[in-house]
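>>> Following is a predicted model, sequence given first.
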Amino acid sequence: MTAVSASAAAPPLRRDSERGLLGGVCAGFARRLGVDPIVVRALFVIAAVAGGIGIPAYGLAWALIPAENGERLTLPARSSWQVASGIGLLALAALLLMREWGLWFSDAITWPVVLAAAGGALVWRQSVAAAPPRSAGGLRIPADAAGRALLGTGLVVGAGLVFLWLNGALAAAKDVLLAVVVVLVAGGLVLAPWWLRLVRGLTAERAERIRSQERAEVAAHLHDSVLQTLALMQKRVEDPREVASLARRQERELRAWLNGRRESGADSFGRRLEAAAAEVEEDHGVPVDVVAVGDTRLDARAEALVAAAREAMVNAAKFAGDGPVSVYAEAEGERVAVYVRDRGPGFDPAAVPPDRRGLRESIVGRMERHGGRAAVQSAPGEGTEVELVMER
Amino acid sequence: MKRVDRTSLVAGLVTIGLGVLLLVDQLGAIDLGFGYTPSAVLAGLGAILVASGLERG
């Protein structure tokens, strides 16, 4: 079988239960950092022995980092703050208890490290959460994420200052800090023009990339809607009523798209996918069987997934003969996947001419632009399966 | 059937736990120093906050 696939997204930080000894926290960090798990485990053990910080830190990481198989407790913002504060208080209680029992390293080291760890966790979490959507092509950090990142940075800097103060080194550090500030200001003044030029260049490049993606989106939409309808109209030229009906429907769809309106009642991924399957079935007269497990909100990425799946269904209906087209959709946690299968004659994906936009642009290209991936598995005589996956 | 309010349940259990600890300390079975109080109070508050957050979620 020959396969064509789009690029997969880099894996985020996850607990690696398979390679883990306890909860998979160390193995998850190790995979993320690209080091051997034994290194991270050693660090946690040292932190656990030297003052006991490693134990609450491990518990905190276990509670906050989602497991690899995607199960994740999603809470509204206010509740997640309550849970985080609660876990923080429990960790603080555990630290105070260990201090009382004498399992303690030193106040001057432990408390700054705790503060720095909390701040570092906030900054790291926000840096992951605020990663720009791949389809947007720009760096936009939401205000609340920026606020939390700022709070985290403040905690880390505060931890450093508390450490210096507790160890009596703040007075000496003041002179060093002043020198560092002076050098930074001077360096900033010297480098400002280059920095500005770099920012402008990046902004222009980003704008061009966004324009290019928008052009590709418009082209894909026109291909999937207007061009396909025109092709259908040519096929059914002997039935004027059918042609008029197709033209009216296309006009309605195009007007809705130009005005940015969404079809009524189509705010769920599952319903929109079933509606798309019904359209394909009606247009091409080929049965399309849809099985959907789970559902999710229809946002821009889910809409792109539906559009790519619709194009895969159209291709199957056009080229797979009279046999049914099977569509299996699965929306679970942060992963939404659609599989479109047919038992038609199949084809060699590598031999598709570059001017055929359906597979390259409307399916693979569209999924890539929205941060998903598409894989087409087919061979002459063996049917075709299109796998579309969107990690949210 | 009335749904169990997890926050109230945890808060009640925490209060009972603290009360039992203080009672046992008062009876002389254990010796709780003043240094344990902040830990116990913080742990109780933390448990209530976690329960409340999970209840809302």
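All right, it came through fine.
>>> Just give me how far the helix or strand hosting A:Glu100 sits from the chain centre.
Assigned by DSSP states H and E, A:Glu100 belongs to helix A:77-101. Centre-to-centre, helix A:77-101 and its host chain are 30 Å apart (Cα atoms, centre = their mean, to the nearest Å).
>>> can you pull out the helices in the stretch 1-150 of chain A?
For the stretch 1-150 of chain A, the helices defined by DSSP state H, counting those that start in this stretch cover A:25-33, A:37-49, A:54-64, A:77-101, A:107-129, A:143-166.
>>> Only alpha carbons, please: show the fifth one as PDB.
If I follow you right, that is helix A:107-129. Taking C-alpha atoms only, helix A:107-129 is exported to PDB below (Å, rounded to 0.1, in the frame of the first residue of the first chain):
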ATOM      1  CA  ASP A 107      14.700  27.400  55.300                       C
ATOM      2  CA  ALA A 108      17.100  29.600  53.300                       C
ATOM      3  CA  ILE A 109      17.100  27.100  50.500                       C
ATOM      4  CA  THR A 110      13.800  25.200  50.600                       C
ATOM      5  CA  TRP A 111      11.300  28.200  50.600                       C
ATOM      6  CA  PRO A 112      13.000  30.000  47.600                       C
ATOM      7  CA  VAL A 113      13.100  26.700  45.700                       C
ATOM      8  CA  VAL A 114       9.400  26.100  46.400                       C
ATOM      9  CA  LEU A 115       8.600  29.600  45.200                       C
ATOM     10  CA  ALA A 116      10.800  29.200  42.200                       C
ATOM     11  CA  ALA A 117       9.200  25.800  41.400                       C
ATOM     12  CA  ALA A 118       5.700  27.200  41.600                       C
ATOM     13  CA  GLY A 119       6.600  30.200  39.400                       C
ATOM     14  CA  GLY A 120       8.500  28.100  36.900                       C
ATOM     15  CA  ALA A 121       5.500  25.700  36.700                       C
ATOM     16  CA  LEU A 122       3.200  28.600  36.000                       C
ATOM     17  CA  VAL A 123       5.500  30.100  33.300                       C
ATOM     18  CA  TRP A 124       6.100  26.700  31.600                       C
ATOM     19  CA  ARG A 125       2.400  25.800  31.700                       C
ATOM     20  CA  GLN A 126       1.500  29.200  30.100                       C
ATOM     21  CA  SER A 127       4.200  28.900  27.500                       C
ATOM     22  CA  VAL A 128       2.600  25.600  26.400                       C
ATOM     23  CA  ALA A 129      -1.000  26.800  26.800                       C
END
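>>> list the helices and strands it packs on?
The helices and strands touching helix A:107-129, judged by 3 or more Cβ pairs under 8 Å, 6 or more residues apart in numbering or on different chains; DSSP states H and E, are helix A:54-64, helix A:77-101, helix A:143-166. Any C-beta I mention is one placed from the backbone N, CA and C, and that applies to glycine too.
>>> how about those helices in CSV, adding mean pLDDT?
Compiled in CSV, those are given as follows (pLDDT from 0 to 100):
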stretch, mean pLDDT
helix A:54-64, 76
helix A:77-101, 80
helix A:143-166, 77
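>>> Out of these, the one nearest B:Arg6 is which?
Closest to B:Arg6 of these, according to Cβ to Cβ: helix A:77-101, at 12.4 Å.
>>> and the residue most central in space within chain B, what helix or strand is that in?
Closest to where the C-alpha atoms of chain B average out (Cα atoms, centre = their mean) is B:Val14, at 1.8 Å. Using DSSP H and E, B:Val14 falls within helix B:6-26.
>>> Quick check: next helix or strand after the helix or strand A:Glu208 falls within?
In the assignment (DSSP H and E), A:Glu208 maps to helix A:170-222. Moving toward the C-terminus from helix A:170-222, the next helix or strand (DSSP H and E) is helix A:228-235.
>>> what's the following helix or strand after that following helix?
Using DSSP H and E, the helix or strand that follows helix A:228-235 in sequence is helix A:240-258.
>>> just how off-centre is that following helix within its chain?
35 Å.
>>> Next, the angle from the next helix or strand after that helix to helix A:228-235.
Next in sequence after helix A:240-258, counting helices and strands by DSSP H and E, comes helix A:269-284. Here the directions of helix A:269-284 and helix A:228-235 differ by 20 degrees (axes from the mean of the first three to the mean of the last three Cα atoms, to 10 degrees).
>>> which strands and helices sit next to helix A:269-284?
Packing partners of helix A:269-284 (3+ Cβ pairs under 8 Å, 6+ apart): strand A:288-293, helix A:300-319, strand A:325-332.
>>> Need the winner for burial among these.
Across the helices and strands packed on helix A:269-284, averaging neighbours per residue (mean count of other Cβ atoms under 10 Å in any protein chain shown) puts helix A:300-319 on top, at a mean of 23.
>>> Send me it as CSV with only the CA atoms.
The C-alpha coordinates for helix A:300-319 follow below in CSV (Å, rounded to 0.1, in the frame of the first residue of the first chain):
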residue,chain,number,x,y,z
ALA,A,300,-12.8,26.6,13.1
ARG,A,301,-10.6,23.5,13.4
ALA,A,302,-13.5,21.1,13.6
GLU,A,303,-15.1,22.9,10.6
ALA,A,304,-11.9,22.3,8.6
LEU,A,305,-11.9,18.7,9.6
VAL,A,306,-15.6,18.4,8.4
ALA,A,307,-14.7,20.1,5.2
ALA,A,308,-11.7,17.7,4.6
ALA,A,309,-13.9,14.7,5.5
ARG,A,310,-16.6,16.0,3.1
GLU,A,311,-14.0,16.2,0.3
ALA,A,312,-12.9,12.6,1.1
MET,A,313,-16.5,11.5,0.9
VAL,A,314,-17.0,13.3,-2.4
ASN,A,315,-13.9,11.6,-3.9
ALA,A,316,-15.1,8.2,-2.6
ALA,A,317,-18.5,8.8,-4.1
LYS,A,318,-17.1,9.9,-7.4
PHE,A,319,-14.5,7.2,-7.9
